[in-house]
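1. Mind looking at a prediction? Sequence and model below.
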Amino acid sequence: MSDQSTDLRETVRQRYAAAALKVTEGGGTACCEPESALYAIDERAALPAEALAASLGCGNPIAVAELREGERVLDLGSGGGIDVLLSARRVGPTGRAYGLDMTDEMLELALANARKAGATNVEFLKGTIEAIPLPADTVDVVISNCVINLSVDKPSVFAETHRVLRPGGRIGISDVVADDTLTPAQRAERGDHVGCIAGALSFAEYRAGLEAAGFEDVEITATHPVADGMHSAVVRARKGG
């Protein structure tokens, strides 16, 4: 990894650590704007306030992941745990929800939130989304909420996601995606790297990256604008099998 990539990853880690500490100390959120309003009222009502305050995504992957009873689901960049806890409810006691995060402060907050929610079918893992600490063919579904755009090595994220999915498994991702007409420099002008914009792929780049990793039936659907030429989008695809 280049020095610049290492610096970018560390910047992201520091900002999300600060966000977790702000929530823990009762000071609200930092980094991306909280997006808990994108979740249904009954979903929000069942979660600890700290999980809602630490929701720093750009969408609601739970709404598109079509989780089923008994499935095993992995959330890439799980933060304060909101999507892990909601996934755990969807898959039920016979299923399991994993959360992966590289930030100690977020992992501590997520574990505390899981205890408050009484969730027993969850597990939080420390690591990066470019090197997922799970065996191959482990999970049925991979979700993520405005995190993959922050990665400095997206081909590795796509390859690792494909690896840990079981044959026939699927992804349901919310992410920021750029119009194909925008250059990387133009994307950078619209926001900083940790603000969920500067690292965004274009629609064509996202599709090509997933297909290069082996995914099939790739669908990328814009949901709402986040900046000029930048969109929150839902990304779906499946692993053959």
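-> Okay, I see it. Numbering: from 1, shown residues only.
2. nearest spatial neighbour of residue 163, skipping sequence neighbours?
-> residue 136 (5.1 Å; Cβ to Cβ, 6 or more residues apart in numbering). No exception for glycine: its C-beta is placed from N, CA and C like everyone else's.
3. and residue 95, how many residues sit next to it?
-> 20 (other Cβ atoms under 10 Å).
4. my read: it touches residue 69, true?
-> Yes: between residue 95 and residue 69 there is a contact at 6.5 Å, judged by Cβ atoms under 8 Å.
5. What values do phi and psi take at residue 145?
-> Dihedral pair for residue 145: phi -130, psi 100, per degrees, to the nearest 10.
6. State the distance from it to residue 94.
-> Between residue 145 and residue 94 the computed distance is 24 Å (Cβ to Cβ, to the nearest Å).
7. just residue 160 next, same as before
-> 26 Å.
8. Which one's more surrounded, these two?
-> Using other Cβ under 10 Å, the more surrounded residue of residue 160 and residue 94 is residue 160, with 23 against 10.
9. which residues does residue 227 bridge with?
-> For residue 227, the beta-bridge partners are residue 230 (DSSP bridges).
10. So it is in contact with residue 188, correct?
-> No: using Cβ under 8 Å, residue 227 is not in contact with residue 188, being 11.2 Å away.
11. show me where this structure has helices.
-> For the chain, the helices defined by DSSP state H cover 3-24, 41-45, 49-53, 62-65, 82-91, 104-117, 154-164, 184-189, 203-212.
12. So which elements touch the fourth one?
-> Meaning helix 62-65. Counting contacts by 3 or more Cβ pairs under 8 Å, 6 or more residues apart in numbering; DSSP states H and E, helix 62-65 is packed against helix 82-91, strand 139-145, strand 165-178.
13. Residue 211 is nearest to which of those?
-> Taking Cβ to Cβ as the criterion, strand 165-178 is the member of these that comes nearest to residue 211, at 12.6 Å.
14. Restricting to C-alpha, output the closest one in CSV.
-> Once non-C-alpha atoms are left out, strand 165-178 reads as follows in CSV (Å, rounded to 0.1, in the frame of the first residue of the first chain):
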residue,chain,number,x,y,z
LEU,A,165,-20.0,-15.2,0.1
ARG,A,166,-21.4,-18.6,-0.3
PRO,A,167,-22.3,-19.7,-3.9
GLY,A,168,-25.6,-18.0,-4.8
GLY,A,169,-25.0,-15.4,-2.1
ARG,A,170,-25.7,-11.7,-2.8
ILE,A,171,-24.9,-8.1,-1.9
GLY,A,172,-27.2,-5.3,-0.9
ILE,A,173,-25.1,-2.1,-0.6
SER,A,174,-25.8,1.6,-0.2
ASP,A,175,-23.0,3.8,-1.4
VAL,A,176,-22.2,7.1,-3.1
VAL,A,177,-21.7,6.8,-6.9
ALA,A,178,-20.7,9.4,-9.4
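15. Hey, what's the angle from it to helix 154-164? Just curious.
-> Using axes from the mean of the first three to the mean of the last three Cα atoms, to 10 degrees, the inter-axis angle of strand 165-178 relative to helix 154-164 is 150 degrees.
16. Pull out the buried positions in strand 165-178.
-> Buried residues in strand 165-178, counted by 16 or more other Cβ atoms under 10 Å: 165-166, 169-178.
17. I'd like to know which elements that strand is packed against.
-> The contact analysis (3+ Cβ pairs under 8 Å, 6+ apart) places strand 165-178 against helix 62-65, strand 139-145, strand 201-202, helix 203-212, strand 215-227, strand 230-239.
18. In a markdown table, list the ones you listed along with mean neighbour count, mean pLDDT and distance to residue 88.
-> As requested, those are arranged in a markdown table below (neighbours: other Cβ atoms under 10 Å; pLDDT from 0 to 100; distance: least, Cβ to Cβ, whole Å):
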| stretch | mean neighbour count | mean pLDDT | distance to residue 88 |
| --- | --- | --- | --- |
| helix 62-65 | 22 | 80 | 11 |
| strand 139-145 | 26 | 96 | 12 |
| strand 201-202 | 21 | 94 | 29 |
| helix 203-212 | 17 | 98 | 26 |
| strand 215-227 | 15 | 93 | 24 |
| strand 230-239 | 22 | 94 | 21 |
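19. I appreciate the help and will end here.
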